[in-house]
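Trainee: Return a 3D structure for these sequence lines:
(one chain, ligands or ions: 1)
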Amino acid sequence: MGLHGEVTIPGDKSISHRAVMFGSLAKGTTEVTNFLQGADCLSTIGCFRKLGISIENTPERILIHGKGLHGLSAPDSTLDAGNSGTTTRLISGILAAQPFETTLTGDASIQKRPMRRIMEPLSMMGANITSINGNDCAPLHIKGAPLHAIHYHSKVASAQVKSAILLAGMYADEETKVTEPTISRNHSEIMLRTFGADVRTEGTTAIIKPQPVLTAQKINVPGDISSAAYFIAAGLCVPDSEILIKNVGINPTRDGILRVALAMGGNITLLNENHDGEPTADLLVKSSELHGITIEGDIIPTLIDEIPIINIMAAVAKGTTVIKDAAELKVKESNRIDVMVKNLSAMGAKITGTDDGMIIEGGSPLHGAYIQTHMDHRIAMSFAIAALFAEGETHIEDRELANISFPTFYQDLEKLQQ
Ligand code: S3P
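Mentor: As a prediction, this is how the structure comes out:
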């Protein structure tokens, strides 16, 4: 039986984090609607409350009573970023400039993720930031300092690295610049500008002027394309399906999943496009015969979080899909090259891991398996979709990991199956 009906995707995770952070640093009360009530964004709220910001969280909206760029106060205990890399890395950029010391940690997955990438530039700016266990991972001890501007050339295209430096750059003595090999998601630049910061982009370089006055805003968060991706894949791959996915963010630095799905032969129509601020559209998705493609180069940062679900589409598609230039997959919530290879192989797919991606020979019938999620929400949700095409039962370990980024995932999927 096909999937049918409409689904409204919860708010974008990246944009929700930023709304809380920038709202806390702005003067006045920022109102956020369609905020993602996922565990990662709640970790960001928890951290800013500990830093002295009053945040009212109701189902309709959140209100952040910002105290200005210099209004945070020393927390009385360790900040806990939970499973969230965005919280850990972006808040480090802010803490690097505060006149107090903080300790920042997170769960077992966060404590394995590389933090040298932010420790290095923030130290160059003058902050004293150390990894307590000496392994370049959290827990981090951050002693803020007056910062000086740098022009940082990042080896990786990472919005988390870029944003940490831009946030620190607000407190620096002169213009701060970050150049990346390829442009990463630009939500910080867009939203900081909305709050009144002077941020501009020249090619792959983002530039911020110091000491802006951030002013409280009303932010309506668009639906998360990374969450929509599971239903795009399901709608395309489950025969006889037609679904409407409403209010999805289609920022060009995030829309690689759409470009890939279309290139694989997917039938997707964009409706009700809106280009005021962060662009959005409704997506009409119909079952399609997909074929394999090569995915590499500049498109990779625009779909980095969608590669697990693209792997599932590739396993169902005809022919070979090759994914290159995606070594960053190894340092996400899990090593997504290893974890995808292990789990998709367990379901009977032909997949080989490479140094910077994977090769998938599509079309082998999938069968149920026991899926090890390695504390990775995107692995859990990707295999919940794979299970729709598999013969027999699939057991997903810790399926409730979906709460990290998409709390209503299983209910929404069920609704489309009725
Ligand atoms: C994010 C940036 C990406 C992405 C992550 C969220 C953000 O990480 O994978 O899920 O909100 O800035 P990197 O910037 O480290 O690639």
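
Trainee: Stretch 399-411 and the ligand, are they touching?
Mentor: No - residues of stretch 399-411 are not located near the ligand by Cβ under 6 Å from any ligand atom, the shortest gap being 8.2 Å. (Glycine included, C-beta is placed from N, CA and C.)

Trainee: buried ones in that stretch?
Mentor: For stretch 399-411, burial by neighbour count (16 or more other Cβ atoms under 10 Å) applies to Arg399, Leu401, Ala402, Asn403, Ile404, Ser405, Phe406, Pro407, Thr408, Phe409.

Trainee: and which of these is nearest the ligand?
Mentor: Ser405 (8.2 Å; Cβ to the nearest ligand atom).

Trainee: so that closest one sits right up against Gln37, yeah?
Mentor: No - look at Ser405 against Gln37 with Cβ atoms under 8 Å: they stay out of range, at 10.6 Å.

Trainee: now the buried residues of stretch 399-411 as a markdown table including distance to Thr302?
Mentor: Putting these into a markdown table (distance: Cβ to Cβ, whole Å) gives the following:
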| residue | distance to Thr302 |
| --- | --- |
| Arg399 | 28 |
| Leu401 | 24 |
| Ala402 | 23 |
| Asn403 | 25 |
| Ile404 | 21 |
| Ser405 | 18 |
| Phe406 | 19 |
| Pro407 | 25 |
| Thr408 | 25 |
| Phe409 | 22 |
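
Trainee: I'd like those residues as a markdown table, with pLDDT and secondary structure appended.
Mentor: Shown next, in a markdown table, are the buried residues of stretch 399-411 (pLDDT from 0 to 100; DSSP: H, G, I helix; E, B strand; the rest coil):
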| residue | pLDDT | secondary structure |
| --- | --- | --- |
| Arg399 | 97 | helix |
| Leu401 | 98 | helix |
| Ala402 | 98 | helix |
| Asn403 | 98 | helix |
| Ile404 | 98 | helix |
| Ser405 | 98 | coil |
| Phe406 | 98 | coil |
| Pro407 | 98 | coil |
| Thr408 | 98 | coil |
| Phe409 | 98 | helix |
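
Trainee: Just name the closest of these to Ser227, please.
Mentor: Nearest to Ser227 among the buried residues of stretch 399-411 is Phe406, at 4.5 Å by Cβ to Cβ.

Trainee: That closest one touches Met381, doesn't it?
Mentor: Yes - using Cβ under 8 Å, Phe406 makes contact with Met381 at a distance of 6.5 Å.

Trainee: overlap in contacts of these two?
Mentor: By the contact definition Cβ atoms under 8 Å, 6 or more residues apart in numbering, Phe406 and Met381 are jointly contacted by Tyr230.

Trainee: In stretch 16-35, which residues are buried?
Mentor: Using 16+ other Cβ under 10 Å as the test for burial, stretch 16-35 gives 16-27, 30-32, 34-35.

Trainee: And stretch 79-92, by the same measure?
Mentor: In stretch 79-92, counting by 16+ other Cβ under 10 Å, buried: 79-92.

Trainee: Which members of these are the farthest-apart pair?
Mentor: Farthest apart among the buried residues of stretch 79-92 by Cβ to Cβ are Asn83 and Ser92. That separation is 16.1 Å.

Trainee: Flag the shaky bits of the stretch 101-250 of the chain, pLDDT-wise.
Mentor: Judged against pLDDT under 70, the stretch 101-250 of the chain has no low-scoring part.

Trainee: quick one: the helices in it?
Mentor: 116-124, 159-169, 187-194, 225-237 (DSSP state H, counting those that start in this stretch).

Trainee: just to revisit the earlier point, identify, from the buried residues of stretch 79-92, the entry nearest to the ligand.
Mentor: For those, the nearest to the ligand is Thr86 (4.0 Å; Cβ to the nearest ligand atom).

Trainee: Contacts only, for the nearest residue to the closest one once chain neighbours are set aside.
Mentor: Excluding the flanking residues, the one nearest Thr86 by Cβ to Cβ, 6 or more residues apart in numbering is His17, at 4.9 Å. Residues near His17 by Cβ under 8 Å, 6+ apart: Asp40, Cys41, Thr44, Ser84, Thr86, Thr87, Leu90.
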